[in-house]
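**Q** Predicted model, plus sequence, below.
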Amino acid sequence: MARTISQSAIRNPVDLIFGVDSNVRVLRVLARHGGLLSAADISQRAALSKSSTRLGLLSLEEIGVIFAEGTGYNRLYRLYPEYCLADQIRSLFDVEDRRFADIVEAVKDSAGSKAPLVKSLWIYGSVARGEDRLRSDLDVAVVAGAGDLAAVVETIRDSLAAHAERLGFTASVVGLDMSDVERLARDRDPWWANAVADAIVLSGRRPEELAASVGADADG
C-alpha cells in the first residue's frame, strides 16, 4: 500500500486513544489514581513535559475518555467512568501493573531450593531506575558463598528463562561471592557503585551491608 489510510474513529477508537505516547501516559496516571488530578500533578506523575501533558489532555478530552471540572488553573481531570471503554482501559493498566509485579516475584523466587544459600538478591540497572527501553535486559545480581555460587546462578538463570517468554523480559544474571563484594567495594568499582545505588533488594541483605560486614570481619 502506497500510503497509510485513516481508519474509522467509530470502529477503531483505540487508534485515537492510544496512538500517542502522551495519551497513554496521561491515561495511565488517571486510571491508576482513580480521582481528580490537576495538569501539574499529571505532568509530574507521568514524567511528561507541560506541553505534552496539555496535548494529551486536550486529545483525550476531545475523544471523551476523560472529563474536566473547574476552569483555568483550577481545572481538574479524571477518567470518565461512563466512557464505553473505561473499564477496559482500567483493566489494561491493571494487567500492566500485575505483569511487573509478576516479574519481580519471579526474580524473588528464582533461587528455588537454593534460596538458603543466597546472601543477597537484587534487581539493578535501567529497570530498577525505571529507565529501561524495549531491548533492555533485566539486570539481576546475586551473592552466595564461593562454593555455592555456580549452582545458585545456574538455578536462577534456568528459573528466569522459564518465565521470560510469557512475561516478556530477558534476564542478565551476575553472580558474586563475598571476596568479589569485598574487592568491588574496596576499589570503589563504578559498576558496584551503580548496582548498589539502584538496588531493589528482593532477598537477603542490602549489598552495601554485605560489603560493610566483610570489612568489619577483616578489621576484626
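**A** Okay, I see it.

**Q** measure the closest residue to residue 189 other than its chain neighbours to residue 177 for me?
**A** Nearest non-adjacent residue to residue 189, counting by Cβ to Cβ, 6 or more residues apart in numbering: residue 183, 7.8 Å away. Where C-beta positions appear, they are placed from N, C-alpha and C, glycine not excepted. From residue 183 across to residue 177, the span is 10 Å (Cβ to Cβ, to the nearest Å).

**Q** Which of these two has more residues huddled nearby?
**A** residue 177 (18 against 15; other Cβ atoms under 10 Å).

**Q** list the contacts for the closest residue to that one other than its chain neighbours?
**A** Spatial nearest neighbour of residue 177, excluding adjacent residues (Cβ to Cβ, 6+ apart): residue 146 at 4.1 Å. Counting by Cβ atoms under 8 Å, 6 or more residues apart in numbering, residue 146 makes contact with 177, 178, 179.

**Q** Looking at the residues you listed, which is nearest residue 154?
**A** Distance to residue 154, by Cβ to Cβ, is smallest for residue 177 among those, at 14.6 Å.

**Q** got a list of what the closest one touches?
**A** 143, 144, 145, 146, 149.

**Q** same thing with residue 75?
**A** Taking Cβ under 8 Å, 6+ apart, one finds 38, 39, 68, 69 in contact with residue 75.

**Q** quick one: which of those is nearest to residue 116?
**A** residue 38 (49.6 Å).

**Q** Relative to residue 63, how far out is residue 165?
**A** Relative to residue 63, residue 165 is positioned 34 Å away (Cβ to Cβ).

**Q** Same check on residue 99?
**A** Taking Cβ to Cβ, one finds residue 99 at 26 Å from residue 63.

**Q** ok so, going back, please name every helix or strand in contact with the helix or strand hosting the residue nearest to residue 189.
**A** For residue 183, the host element (DSSP states H and E) is helix 178-186. Contacts defined by 3 or more Cβ pairs under 8 Å, 6 or more residues apart in numbering; DSSP states H and E place helix 178-186 against strand 138-144, helix 190-198, helix 207-219.
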